[in-house]
Each structure stands twice: as C-alpha cells, then as structure tokens.
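K.L.:
Requesting a structural model of the entry that follows:
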Amino acid sequence: MNTPGPIRRQLLRALPAALAIPALGGPARAQQPPAAAADAAVAWPTIELLDGTVWSPDSWRGQAGVLVIWATWCPFCVRHNPHVDALHRAAQAAGRPLRVLAASLDRDPELVRRYVRERGYAFPVTMGAEALRARFGLRRVTPTTVTFDRRGRLLQRIPGEMFEEDVMALIGLADTPA
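P.N.:
Numbering: from 1, shown residues only. Reported below is the predicted structural model:
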C-alpha cells in the first residue's frame, strides 16, 4: 500500500507534464549526461570557498558529490537549501564520502556570507556558479542540483526545487563504488 508522501510526490511530479505548453519546452526533467561522457570523470576546477578554503581537483577523489547552483534572490532556493544543508550535515555526521557544494549566482560575497550565516547553513559555498554552470553544461534554472558518483562521473542534472526526501536520498551516492 502506498503512503501519502510518495503519492503526493508522484502527483506533484506529474502536474507539470499535464500542464506543459510545448512552445515553452515542456516540464523540467533530470538531464542525463551524454552516453559518451558517462564513463569519464569530470575535471573539477580549483574551487575557493567563501571561508577562504581551497578545494583542489584531487580533493574530490573517492568522494561522491552534490553541487547545487542557487541564489539568495531565488524563492525556490529558500525552500530547497534547508534540505541541502540537512544532507550536508547528515553526510558529515555519518562520515560518508559525500561532498556537498553550494555555488551562488550572486555577485556580492558579503551578501551571501550574511545570508548563509543568518540561516545557520553549514554547507560549503563558492561564488563560482557561472563557471561551474558552463563547465557542466547546465541550463539556466535555479536551483539546479548536479550529482556525481565516487568515481567522479556526472550522474544527473536536476533542474528546479526538490522535495526533502529526494534531496536526503542523495546520501546514497556515498555508497557507489570508488
């Protein structure tokens, strides 16, 4: 027997498809990477976080990844980011090989620092969203969640806000083989 949560999610996911207008390109769906690129590890750039920490490309080795492109002005991000923070905290507390990175589209680092601090977010933040968006071929949808397995392969590009249960399920990426 289905529980109300999964039924609600199924119905809400079907709603955009039912209302899709072909001229607008239809509903947003998770994009799979091209088949040729499916086995190749992504080339991470050096990433500087808002706190001054620098992540080298090698620091991703053996770590699954969740990248979220977001902005302080995005109303969908306001609802999405608490789930991302919960995912980050859960992975850290359990010692799971999952790295969460939030990349802000904002231009003012101080605004982003204040926004993150006021909300008590613990996830790492970089200001390099546009460069990461271009590197991974992401559409201009905010938020966008991108997932990587422990071998560094891009798994999904998920445009738009996600349900809490779906974000939290991403912790399973840590169980992929390294």
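
K.L.:
and Asp149, how far is that from Arg79?
P.N.:
Per CB to CB, to the nearest Å, Asp149 is found 27 Å from Arg79. Using the backbone N, CA and C atoms, a C-beta is placed for each residue, glycine as well.

K.L.:
Specify which residue of those two has the higher count of neighbours.
P.N.:
Asp149 (18 against 14; other CB atoms under 10 Å).

K.L.:
What is the neighbour count of the closest residue to that one other than its chain neighbours?
P.N.:
Distance criterion CB to CB, 6 or more residues apart in numbering; nearest residue to Asp149, sequence neighbours excluded, is Thr176 at 4.2 Å. Neighbour count of Thr176, defined by other CB under 10 Å: 16.

K.L.:
now Ala174
P.N.:
19.

K.L.:
Please identify the buried residues of stretch 42-55?
P.N.:
42, 44, 47, 50, 55 (16 or more other CB atoms under 10 Å).

K.L.:
Just list the residues touching the residue lying closest to the third one once chain neighbours are set aside, thanks.
P.N.:
Spatial nearest neighbour of Ile47, excluding adjacent residues (CB to CB, 6+ apart): Trp55 at 4.4 Å. Neighbouring residues of Trp55 by CB atoms under 8 Å, 6 or more residues apart in numbering: 44, 46-49, 101, 124.

K.L.:
Check the gap between Trp55 and Thr176 for me.
P.N.:
On the measure of CB to CB, Trp55 and Thr176 end up 20 Å apart.

K.L.:
Then Thr53?
P.N.:
Distance from Thr53 to Thr176, by CB to CB: 25 Å.

K.L.:
likewise Cys77?
P.N.:
Counting by CB to CB, the gap from Cys77 to Thr176 is 26 Å.

K.L.:
and after the longest helix belonging to the chain, which helix or strand comes next?
P.N.:
Ranked by residue count and defined by DSSP state H, the top helix of the chain is helix 75-94. Downstream of helix 75-94, the next assigned helix or strand under DSSP states H and E is strand 98-104.

K.L.:
Low-confidence regions, this protein specifically.
P.N.:
1-38 (pLDDT under 70).

K.L.:
make it 50
P.N.:
Scanning the chain for pLDDT under 50 picks out the ranges 1-4, 7-8, 10-12, 14-29, 33-36.

K.L.:
What ranges does it have for its helices?
P.N.:
In the chain, the helices defined using DSSP H lie at 4-19, 75-94, 109-119, 129-135, 164-169.
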